[in-house]
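[1] model this:
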Amino acid sequence: MKRRDFLKAVGPGTASIALTGCKNPFSKKHQRQQPNIIFILADDLGWSELGCYGNDFNETPNIDRLAATAVRFTQAYSSAPVCSPYRASFLTGQYPPRIGMTNYLQPDDNHWLSTDYITIAQRLKSAGYATGIIGKWHLTGYAKYGVNEVTPDMHGFDETIVSENDNIGDGYYFYPYKFNTSIEKRLPGEEYLTDRQNTEAVEFIERHRNRPFFLYLSHYAVHTTLDAKVKLVEKYRKKPGAGKDKWAVKNNPYLAAQLESIDRGVGMIMDKLDELGLAGNTILVFTSDNGGEERVTANGPLKEGKTKLYEGGIRIPQIIYVPGVTPTGSLCTEPVCVIDYYPTFCELAGIEPPAKQYMDGVSLVPLLKNPAASINRDTLYWHFPLAKTHWLGGHSCGAIRKGHWKLLEFYDECRLELYNLKEDISEKNNLAEKMPQKTQQLQNLLKKWRNSITLASKHKT
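    Residues are numbered from 1 along each chain as shown. Predicted structure coming up:
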């Protein structure tokens, strides 16, 4: 049954996913095999780059099609303005400082995501899931630099496909891939990395069609240095208002071309699920790890971008489709965070999170069933300490969001900024001096949280 037909058959909000185990939020009469989970992560994709988020230059018809069947979140957050902490939070359900990973890892970094954690991949694997990651890992340094290398298989992934064992910072998008020269070419002609990842994703689904699976499709795009297929770049260069080169801040033709390749992969996955009859039992997520890099992305109306705790650096697109559960084409304005995926996936799979592993996140199932609902949390926190100003402009900083209020504490400048996000999404009007009591209240809460969380690294060296 195709996705659109399935939605017509069950109607929006109907519980039809198979959930087994000790925590089943849906009717027992609808229990079937545990749902497949596909998590698609773009790298450095800004909040306003998708058509379904209002962009009229980039073309994302498949992601927009997914959003039309799903819940689209307008206030979804990364746990950090850079990627490694996000990825650690996704796999553990914890804030970065609790994990001891608050910045992205360098190739020679002797830190890694500790194997003491039970990742969501391990938890699902123990419940019978086939698990796989395709693409970017970035939770370890690399052996060739003389440091310990902790790979995805050590964290519960049965299959690790087209992933790095060397520096990924410069965006190597065409074969041969400098981030892993052992990867052999498979596609005809000039092989493009995103196309290869999309092909591998479809094949993973085919291989595991007869059992529950968890696929983490972790794209390297749209990370700089941007690069894309020539014909797609030329297509976008010809559009009205197009930027001139790969460093255009607005309507970047290279970013648009990269994003179209990601979008095509989303379409390939959706079509394959329809073809195999799996669409009615597969959860699909599309999101980004942090805000867009300002050199190539206009994050407006959000302020600034990657490496900064303003909204442009941490607010991200997030679309979640749960067949028969998410109301068709719905919108959720509740603030949520990457730390919430772990308990959400556990509840949807009908299993409990590990009893001995602390969960900072909360399940989003109530919002997936009713996007107008709320969850039992009104505060989110960030801690991004830096020894010096990041070369992209980020400062050592912490932040707290409580309700509509957001406070930023700049550690290196002893400066506070306060914003009412309900009235000032662009963070233009700093109210810290005008509202000293609110400022002090939020600063106290932020300090209390920071002191309560273990900041010492748990990594084994």
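[2] what about the strands in the stretch 1-150 of the chain?
    Along the stretch 1-150 of the chain, the stretches classed as strands by DSSP state E, counting those that start in this stretch are 36-42, 71-77, 130-135.
[3] now the shortest one: mean pLDDT?
    Read it as strand 130-135. The predicted model gives strand 130-135 an average pLDDT of 98.
[4] Turn the strands of the stretch 1-150 of the chain into CSV, columns for mean neighbour count and distance to Tyr142.
    C-beta here means a position set from N, CA and C on the backbone, and glycine is covered the same way. CSV is the format used below for the strands of the stretch 1-150 of the chain (neighbours: other C-beta atoms under 10 Å; distance: least, C-beta to C-beta, whole Å):
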stretch, mean neighbour count, distance to Tyr142
strand 36-42, 24, 21
strand 71-77, 22, 29
strand 130-135, 24, 16
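[5] hey, where'd the helices end up in the chain?
    According to DSSP state H, the chain carries its helices in the segments 3-10, 61-67, 83-92, 96-99, 120-126, 193-207, 230-237, 253-276, 311-314, 341-349, 365-369, 436-452.
[6] just so I know, which of these lies nearest Leu215?
    Judged by C-beta to C-beta, the one of the helices of the chain that comes nearest to Leu215 is helix 193-207, at 5.6 Å.
[7] Which among the strands of the stretch 1-150 of the chain is found nearest to Arg450?
    With C-beta to C-beta as the criterion, Arg450 lies closest to strand 71-77 of these, at 17.4 Å.
[8] The closest one packs against which elements?
    strand 315-321, strand 330-332, strand 336-337 (3 or more C-beta pairs under 8 Å, 6 or more residues apart in numbering; DSSP states H and E).
[9] tell me the mean pLDDT for the second one?
    This predicted structure assigns strand 330-332 an average pLDDT of 97.
[10] List the buried residues in it.
    Of the residues in strand 330-332, those buried under the neighbour-count criterion (16 or more other C-beta atoms under 10 Å) are 330, 332.
[11] any residues touching it, and which ones?
    Contacts with strand 330-332, where a contact means C-beta atoms under 8 Å, 6 or more residues apart in numbering, come from 12, 70-74, 367, 371-372.
[12] Can you get me the start-to-end distance on stretch 427-444?
    Criterion C-alpha to C-alpha, to the nearest Å; first-to-last residue distance in stretch 427-444 is 21 Å.
[13] Likewise for stretch 131-140?
    Here the two ends of stretch 131-140 are set 19 Å apart, with distance taken as C-alpha to C-alpha.
[14] Quick check, pLDDT for the closest residue to Pro335 other than its chain neighbours.
    Here the nearest residue to Pro335 in space, its sequence neighbours aside, is Gln75; by C-beta to C-beta, 6 or more residues apart in numbering that works out to 4.5 Å. For Gln75, the model assigns a pLDDT of 98.
[15] shouldn't Gln75 be in contact with Val336?
    Yes - the pair formed by Gln75 and Val336 meets the contact definition of C-beta atoms under 8 Å, at 7.0 Å.
[16] Please enumerate the shared neighbours of these two.
    With the criterion set as C-beta under 8 Å, 6+ apart, the contacts of Gln75 and Val336 do not overlap.
[17] ok so, going back, most packed of the helices of the chain?
    Per-stretch averages of neighbours, counted by mean count of other C-beta atoms under 10 Å, single out helix 311-314 among the helices of the chain, with a mean of 29.
[18] how much space is there between the spatially closest residue to Glu59 that is not a sequence neighbour and Gly280?
    Beyond its immediate neighbours in the sequence, the residue positioned closest to Glu59 (C-beta to C-beta, 6+ apart) is Glu260, lying 5.7 Å away. For Glu260, the distance to Gly280 equals 28 Å [C-beta to C-beta, to the nearest Å].
[19] Tell me who's in contact with Ile400.
    The contact partners of Ile400, taken as C-beta under 8 Å, 6+ apart, are 379-382, 406-407, 442, 445-446, 449.
[20] what about Ala127, distance to Val338?
    Ala127 sits 21 Å away from Val338, taking C-beta to C-beta as the criterion.
[21] Show the low-confidence segments of the chain, by residue range.
    Residues of the chain meeting the criterion pLDDT under 70: 1-32, 454-461.
[22] quick one, domains of it?
    The domain map for the chain lists 3-377, 381-452, with the assignment taken from automatic domain parsing.
[23] which of Ala127 and Val338 has more neighbours?
    More neighbours surround Val338 than the other of Ala127 and Val338, with 29 against 17 (other C-beta atoms under 10 Å).
[24] show me what contacts that one?
    Going by C-beta under 8 Å, 6+ apart, Val338 touches 77-79, 86, 89-90, 287, 361.
[25] May I ask which two of the residues you listed are separated the most?
    Put simply, by C-beta to C-beta the two of the contacts of Val338 set farthest apart are Thr287 and Gly361, 14.2 Å from each other.
[26] Tabulate the strands of the stretch 1-150 of the chain (JSON lines), appending distance to Lys356.
    What follows is the strands of the stretch 1-150 of the chain, written out as JSON lines (distance: least, C-beta to C-beta, whole Å):
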{"stretch": "strand 36-42", "distance to Lys356": "23"}
{"stretch": "strand 71-77", "distance to Lys356": "27"}
{"stretch": "strand 130-135", "distance to Lys356": "21"}
